[in-house]
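Asks: sharing a model that was predicted from the sequence below.
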Amino acid sequence: MRVSFDLDDTLFVDPKKFKTEKALRFPFNKIYRERLRFGTVALFKYLKEKGIEAWIYTTSYRSERYIRGLFRRYGIRLCEVVNGERHEREVQRDGSESMPSKYPAKYRIDLHIDDDVSVKQNGDTYGFRVLIVGAEDEQWTNKIIDRIEEIRTFERNGKL
């Protein structure tokens, strides 16, 4: 199973508005200024233990190296990173057909986690699963785990 996550306002959050993971130590806190939403480290550990691939799928143009480096500092190894540049190259291609800002189905991603309702609407239109994580939701990791288990049950039994 593959699960992808948006970055901005989903995993990368403002520490003035959200509870966050501990800041990285110097000098890494100067290189990687973004803060991970509290619960991210435990959630990714759970995904790894369950054999679930954790991907990042973002419209941002941060480099894959930068994204992987930040997560590695928290002890998280990402399976794949799809950033804005990769999405343009592999999904939008020549631009002759209008495509959504994210298209997880291209990468056989089973569930995408995002904060943007328009991504959910695109999922309904283009046939990929999206779970919206709200800003004030302290149970966000439990909702993700519950949704993953629903999907796994469906795939085993053919019922959702």
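Replies: Arrived safely, thanks for sending.
Asks: CA only for contacts and neighbour counts going forward, please
Replies: Noted.
Asks: gap between residue 119 and residue 108?
Replies: The gap separating residue 119 from residue 108 is 16 Å, by Cα to Cα, to the nearest Å.
Asks: and those two? which has more neighbours close in?
Replies: Taking neighbours as other Cα atoms under 10 Å, residue 119 and residue 108 compare with residue 119 leading, 22 against 12.
Asks: list the helices and strands the helix or strand where that one lies packs on?
Replies: Using DSSP states H and E, residue 119 sits within helix 117-126. Secondary-structure packing of helix 117-126 (3 or more Cα pairs under 8 Å, 6 or more residues apart in numbering; DSSP states H and E): strand 130-132.
Asks: who are the packing partners of the strand it packs on?
Replies: Counting by 3+ Cα pairs under 8 Å, 6+ apart, strand 130-132 packs on strand 111-114, helix 117-126.
Asks: show me what contacts the residue nearest to residue 116 when sequence neighbours are not counted?
Replies: Among residues not flanking residue 116 along the chain, residue 132 sits closest, at 6.9 Å (Cα to Cα, 6 or more residues apart in numbering). Counting by Cα atoms under 8 Å, 6 or more residues apart in numbering, residue 132 touches 113-117, 120.
Asks: what is residue 132 paired to in the beta sheet?
Replies: Residue 132 has these beta-bridge partners by DSSP bridges: residue 114.
Asks: neighbours of residue 62, how many?
Replies: Quick note: residue 62 (other Cα under 10 Å) scores 12 neighbours.
Asks: just give me the longest helix of this protein.
Replies: helix 140-157 (DSSP state H).
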